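Novice: here is my input, please return the structure:
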Amino acid sequence: MSIILQVFLAFVRIGAMVFGGAYAAIPIVEHEVVISQGWMTYAEFMDLLALDEITPGPILINSATFVGMRVAGIPGAIAATLGCITVPVVVALTLFFLFRRYKNTPIAQSVMTSLKCMAIALIASTMIKLGVAAIAPEAPSLDVVYGLYACTVIAAAFYLMHVRRLSPLPVMLGCGVVNLLVAGFIL
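Specialist: Below is the predicted model:
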C-alpha cells in the first residue's frame, strides 16, 4: 500500500473516532501517529502540538497537514487533511438533518448531555497527560491512573447532569476546577 494511501486511511480513522473537538482528538492522533504508525517520536509529537497551537486554523487539521507533510510531502499533507475531514463532514451533515428533525425528543436531549460528559473526560485526560509529559518527560506512563480518573469524571458528570439535573456549564466548570486540583497534586 502506498504511503499516501496509508496517511489518508490513518487520518480517516482519526476523523472517524474524534468526538468532542480538537483537544479530545489529541490522544487519538498521538496513538495513530506515534504508537501505531511510528511516523513520529513522542518528543516530535509534543513539538507538533506546540506548532498546532501557534498556527492559525483548526488544531486537528493542522496536525493532519503537518504529519502528512512530514511523512509524504505535499501529497501526504493533502491526503491527511482530506482523510481527517471526510468522515466528520459526512457524519455532521447526517446528524444535522437528523437533529433538526428530532431535536425536541427526550432521546436527542439525552444523547447531547452524554456527549458533553464524554468531551469533559477526554479533555481532562489529555490535559493531565500533556501536563505531566511537559513537566516530567521521563516519568513512567500513568495511562491506567488517567483512565480510571477519566471514568470517574465521566460518571460524576453524568450523575450531576442526569440525576441532579444540573446545567452542563457548572458541571464543566466544576470538572475544570477538579482537573486543576488533580493536575497540581500529580505534578
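Novice: show me the domain layout of the chain.
Specialist: Following automatic domain parsing, the chain resolves into domains at 3-102, 106-186.
Novice: comparing the ones you listed by mean pLDDT, which bottoms out?
Specialist: Lowest mean pLDDT of the domains of the chain: domain 106-186, a mean of 74.
Novice: buried sites along stretch 67-78?
Specialist: Of all the residues in stretch 67-78, those buried under the rule 16 or more other Cβ atoms under 10 Å are 67, 68, 69, 70, 71, 72, 76, 77, 78. For the C-beta atoms, the positions are set from N, CA and C on the backbone; glycine is no exception.
Novice: if you could redo that for stretch 162-169, that was the one I meant.
Specialist: By neighbour count on 16+ other Cβ under 10 Å, the buried set for stretch 162-169 is residue 168.
Novice: identify all contacting residues around it.
Specialist: Residues outside stretch 162-169 that contact it (Cβ atoms under 8 Å, 6 or more residues apart in numbering) are 110, 113, 116, 160, 161.
Novice: got a list of what the first one touches?
Specialist: So the one you mean is residue 110. residue 162.
Novice: so it is in which element?
Specialist: helix 106-135 (DSSP states H and E).
Novice: just checking, residue 25 touches residue 13?
Specialist: No. Using Cβ atoms under 8 Å, residue 25 makes no contact with residue 13, being 11.5 Å away.
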